[in-house]
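Student: what's the 3D shape of this:
(4 chains)
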Number of protein chains: 2
Amino acid sequence: MVSLDEVARAAGVSSATASRALSGRGHVSAVTRNRVSEAAEALGYVVSSAASSLASGRSRSIGVITPDLHRWFFNSVLTGISDTLTRAGYDLTLYNVTSDPQLRREIFRAFLRRRRVDGVVVVALELDEWETEQLHGLGMPVVVLGGRPRELPGMAIDDQGVTRLAAEHLLTLGHREIGYIGGDQAFDVDYHVPTQRREGFNHALAARGCDPQQAPSGVADFTIPGGYAVAKKLFGTPGADLTGLVAASDEMAIGAMLAAKDLGIQVPQQVSVVGVDGHELGELFGLTTVDQHPVGQGRIAAEHILARVEGEGNGHTDLPFELVVRSSTAVAKKTAQSE
Amino acid sequence: MVSLDEVARAAGVSSATASRALSGRGHVSAVTRNRVSEAAEALGYVVSSAASSLASGRSRSIGVITPDLHRWFFNSVLTGISDTLTRAGYDLTLYNVTSDPQLRREIFRAFLRRRRVDGVVVVALELDEWETEQLHGLGMPVVVLGGRPRELPGMAIDDQGVTRLAAEHLLTLGHREIGYIGGDQAFDVDYHVPTQRREGFNHALAARGCDPQQAPSGVADFTIPGGYAVAKKLFGTPGADLTGLVAASDEMAIGAMLAAKDLGIQVPQQVSVVGVDGHELGELFGLTTVDQHPVGQGRIAAEHILARVEGEGNGHTDLPFELVVRSSTAVAKKTAQSE
DNA sequence: ACCATATATGGAAGCGTTTCCAGATGCCAA
DNA sequence: TTGGCATCTGGAAACGCTTCCATATATGGT
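Tutor: Okay, the predicted model is just below:
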């Protein structure tokens, strides 16, 4: 492996100047810079990250902590982050949090503190107090995506807004008997994504004079099988003549559509379904959804952390989302019940 | 951030001894080791990866190059790798190759050569000659998962074997009119996954006296929508009375099942479908598949690269796979055509 | 009792950069 | 011409570890 010294020698300058020439920091004449660049190119020189980090205190790497990579939302965000970091010349150090609590603890206790990264992006994790504390103790920029933790800068969509928008869409189409599939609020340590989304749904219904407490609803794990199981129950419940269904994730919505199909219920003729996310499979299923552009979120989060690492601080950010209407929703048929 | 020197001072030893005590390399008495460990614990000391790498030449980090994180197979493998590396105390540096050829090139030209990683796992990438060369030039262990590149140690399932097994399953059930959905063999630079899988299918059919050339087949991109589109054509083709279908990935198989449902074709009563992968959604759809345990593959690849990094070399490895029979396949009904 | 060997420890030399500091050079204004 | 300032460059000191080497002490065989 060629070292900076060899490049400097080849270019006839000191290693100090070579370093300045290649990093762009400090004054170097144009001629010198060119000679050094050419020498570096010719020798195939690449800076040693270890030496560079040690000397400069910056590693040009960002840590990303994510849960379950199988879930489309998370791997989409990760894709966006990765793309932006690569373009900026940064490495991405991935910490995939699994269900093993000991490993999870170790990530916060040791891995993050090795100074291998200049900043951390936390993707949609429910952080407990100790973890938040550890993150603070790192003394480096941290951005939390998909949550509004107490004391860390974060970026999130308006989690009430998305489900409110979804429900309003159905209400506007004339639906009154609307069901809901959400997440388990018991695990809501801090950010309350499941709680917020339910709230948004409730508000929308209440605003139109429907009692949200009466809405048939169920709890699932945001996955297709989860949504499928709950939807089978909801659709099968006698007396609950749902004409509309809001799911807190597209995967659950897709599960619900599959359940409807298996039960011989037609979408959207008999029941309209709306999801939240903007899942890539939404198109295939014709799913109407509130798209929250997860890849874009990853990009924004990455840009944000890079800015923070480079000194330009800023705080909370709201992320955009939009309703994408496809064929899983339609105007409600007039029935006896509807006013 | 507390340094090793402070720990050493607190424990009343030299930094050399402290280093040995914490790393476990070299001779340290039990008492000393304990005192140092306690001091480190008390001070919350964590080694600086940069300093450690620079001094030792090892970074305790493994690079992973993967394509499209949206595809279940890849994020499953990544999950397995991540889990194993974390348990071993290694970091994972993720290089997600996108469709941008310039970024891809940059990963091989610069990113990997910063000596940030001790070894590289390449997941199912078609490497061109230059890329292979770069990988060699790294002078560090490389493992290629899901492919048998010319000159790099790799691990792969028997790609002919999986589709042969899938096809044999259908043949054994009495099917004779079997279709196939595979990948585009034009992109087959090196590893020939699409080609190998097609070969396996062909061999199985030929062995039972069916002409594989006659088998109705189509090409897709291994995704659900891709499989859906091709299957719609295959099922809709007049004259081709398929009773069985082999797909080279579970996602395409699931797409095919959805297409069948939309066309009013019953699975498995009218057509049996087999996939390859072991996709988590297989259970929901009752998909019969050849499970290749992707998470396990990730684990094996990670263990392999760790062994190599630590010096214990070894070569190619075959990976296990197995037929998982669910409800998407059934005995073929006797028809006029069947012998 | 003594030498050979194994075990423990500290001093100090790196590892390959970055960056501070000081000196050199060039240019412009007075 | 000369002082003053900005620009350029090199020497050398970090950065925080690991590890070689030398020294010191314990262990065991004869």
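
Student: and stretch A:50-63 with DNA strand C, contact?
Tutor: Yes - contact of stretch A:50-63 with DNA strand C (Cβ under 7 Å from any atom of the strand) involves A:51-52, A:54-57. Backbone N, C-alpha and C define where each C-beta goes, glycine included.

Student: selection in ChimeraX covering whichever of these are buried, please.
Tutor: In ChimeraX, this line selects whichever of the residues of stretch A:50-63 next to DNA strand C come out buried by 16 or more other Cβ atoms under 10 Å in any protein chain shown:
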select /A:51,52,54
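
Student: export the residues of stretch A:50-63 next to DNA strand C as CSV, with columns for secondary structure and pLDDT.
Tutor: What follows is the residues of stretch A:50-63 next to DNA strand C, written out as CSV (DSSP: H, G, I helix; E, B strand; the rest coil; pLDDT from 0 to 100):
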residue, secondary structure, pLDDT
A:Ala51, helix, 97
A:Ser52, helix, 97
A:Leu54, helix, 97
A:Ala55, helix, 96
A:Ser56, helix, 95
A:Gly57, coil, 95
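
Student: the residues of stretch A:50-63 next to DNA strand C also near chain B: which ones?
Tutor: Among the residues of stretch A:50-63 next to DNA strand C, the residues that sit close to chain B (Cβ under 8 Å from any Cβ of the partner chain) are A:51, A:54.

Student: just the residues of stretch A:50-63 next to DNA strand C that are near DNA strand D?
Tutor: Among those, the ones lying near DNA strand D by Cβ under 7 Å from any atom of the strand are A:51, A:54-55.

Student: what's around the nearest residue to A:Asp159 once chain neighbours are set aside, how many residues?
Tutor: Excluding its sequence neighbours, the residue lying closest to A:Asp159 (Cβ to Cβ, 6 or more residues apart in numbering or on different chains) is A:Gln196, at 3.6 Å. The local packing of A:Gln196 (other Cβ atoms under 10 Å in any protein chain shown) involves 24 other residues.

Student: what is the rounded mean pLDDT of whatever helix or strand A:Gln196 lives in?
Tutor: Under the criterion DSSP states H and E, the helix or strand holding A:Gln196 is helix A:193-207. For helix A:193-207, mean pLDDT rounds to 95.

Student: what is it packed up against?
Tutor: If you count contacts as 3 or more Cβ pairs under 8 Å, 6 or more residues apart in numbering or on different chains; DSSP states H and E, helix A:193-207 packs onto helix A:159-172, strand A:178-182.

Student: for the ones you listed, which one ends up most surrounded?
Tutor: Mean neighbours per residue, mean count of other Cβ atoms under 10 Å in any protein chain shown, is largest over the helices and strands packed on helix A:193-207 for strand A:178-182, with a mean of 26.

Student: what lies in contact with that one?
Tutor: Residues from elsewhere that reach strand A:178-182 (Cβ atoms under 8 Å, 6 or more residues apart in numbering or on different chains): A:167, A:170-171, A:194, A:197-198, A:201, A:205, A:210, A:215-220, A:227, A:230-231, A:234, A:240, A:242-248, A:252-253, A:256.

Student: please repeat the previous calculation with a cut-off of 7 Å.
Tutor: A:167, A:170, A:194, A:197-198, A:201, A:205, A:215-220, A:227, A:230-231, A:234, A:242, A:244-248, A:252, A:256 (Cβ atoms under 7 Å, 6 or more residues apart in numbering or on different chains).

Student: now, those residues that are in strands?
Tutor: Among the contacts of strand A:178-182, DSSP state E puts A:217-219, A:244-247 in strands.

Student: now, which of these sits nearest B:Arg25?
Tutor: Relative to B:Arg25, the closest of the ones in strands among the contacts of strand A:178-182 is A:Val219; by Cβ to Cβ it sits at 51.1 Å.

Student: what's the burial count for that closest one?
Tutor: Using other Cβ under 10 Å, the number of residues around A:Val219 comes to 16.

Student: how about the nearest residue to it once chain neighbours are set aside, phi and psi?
Tutor: The shortest distance from A:Val219 to any residue other than its chain neighbours is 5.0 Å, reached at A:Asp184 (Cβ to Cβ, 6+ apart). Taking degrees, to the nearest 10, you get phi -80, psi 120 for the backbone angles of A:Asp184.

Student: count the residues that sit near A:Asp184.
Tutor: For A:Asp184, the count of nearby residues is 11 (other Cβ under 10 Å).

Student: and it, what pLDDT?
Tutor: For A:Asp184, pLDDT reads 88.

Student: relative to B:Asp277, how far out is it?
Tutor: Applying Cβ to Cβ, to the nearest Å, the value for A:Asp184 to B:Asp277 is 29 Å.
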